[in-house]
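K.L.:
for reference, the sequence and a predicted model appear below.
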Amino acid sequence: MTNSFSVHTIESAPQASKALLEKAQTNFGMIPNFHAVIAEAPTALEAYMKLHELFSQTSFTTIEQHVVWMTINTEHECHYCIPAHVMLAKMSNVDEQIISAVRNKTEIDDTKLETLRKFTIEIVQSRGHVEDSTLQKFYSAGYSKQNVLEVLLCLSQKVLSNYSNHITHVPVDAAFGEFI
């Protein structure tokens with residue numbers, strides 16, 4: 001048995017994934033390799049795309065969303081999502097200091113964003129067994145109970161993508177190559 005997964009095209013993908021890959025093509029101007037590989041399981045691709053859409057609609061600012069995405073990717077050591085999200089953060093005009101700090105596991109200069117980064121790390125590392133003191137720091141920084149659950153929403157999305165990438169060995173797209 002081989003561990004290689006297909007990088008599907010719209011033509012080679014399972015029927016239920018074809019429209020989803022067409023949507024990815026429209027949204028990104030390309031079909032990211034992650035989408036092409038996870039298309040093997042149409043429900044997994046659909047779930048990932050829906051979770052991404054839902055996290056994008058949270059009460060977090062665009063910069064905060066990128067901090068959460070990049071922090072989880074870094075904690076999970078995802079070879080694919082780290083460069084992909086660095087590129088997306090740059091496209092969203094996230095400050096280079098923030099991108100570098102998250103990627104290198106150093107402090108973000110902005111205290112509120114640093115609190116978000118540390119909170120996200122504790123959720124990942126503790127598997128959700130977060131200390132009350134951590135929650136209090138999070139709330140004191142201006143975040144809410146809603147934000148706690150929104151971080152978990154992102155974690156759901158990133159577990160699906162990061163773990164899939166580990167197992168399937170998705171090749172990094174050329175578009176993300178300079179951000180490896």
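P.N.:
Nice, thanks for sending it over. Numbers count the residues shown, from 1 in each chain.
K.L.:
which parts of the chain are strands?
P.N.:
For the chain, applying DSSP state E gives no strands.
K.L.:
low-scoring stretches of the chain, by residue?
P.N.:
Along the chain, segments meeting pLDDT under 70 span 1-3.
K.L.:
and the helices in it, which stretches?
P.N.:
Taking DSSP state H, the helices of the chain run over residues 15-28, 33-38, 42-56, 62-75, 81-91, 96-104, 111-126, 132-140, 145-168.
K.L.:
CSV for those helices, including distance to residue 4 and mean neighbour count?
P.N.:
Just so you know, the C-beta spots here come from the backbone N, C-alpha and C atoms, and that holds for glycine as well. Below are the helices of the chain laid out as CSV (distance: least, CB to CB, whole Å; neighbours: other CB atoms under 10 Å):
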stretch, distance to residue 4, mean neighbour count
helix 15-28, 18, 16
helix 33-38, 10, 24
helix 42-56, 17, 16
helix 62-75, 23, 22
helix 81-91, 20, 20
helix 96-104, 29, 17
helix 111-126, 28, 19
helix 132-140, 41, 13
helix 145-168, 8, 18
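K.L.:
mind putting those helices in CSV, distance to residue 8 included?
P.N.:
Shown next, in CSV, are the helices of the chain (distance: least, CB to CB, whole Å):
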stretch, distance to residue 8
helix 15-28, 7
helix 33-38, 5
helix 42-56, 10
helix 62-75, 23
helix 81-91, 18
helix 96-104, 29
helix 111-126, 29
helix 132-140, 40
helix 145-168, 11
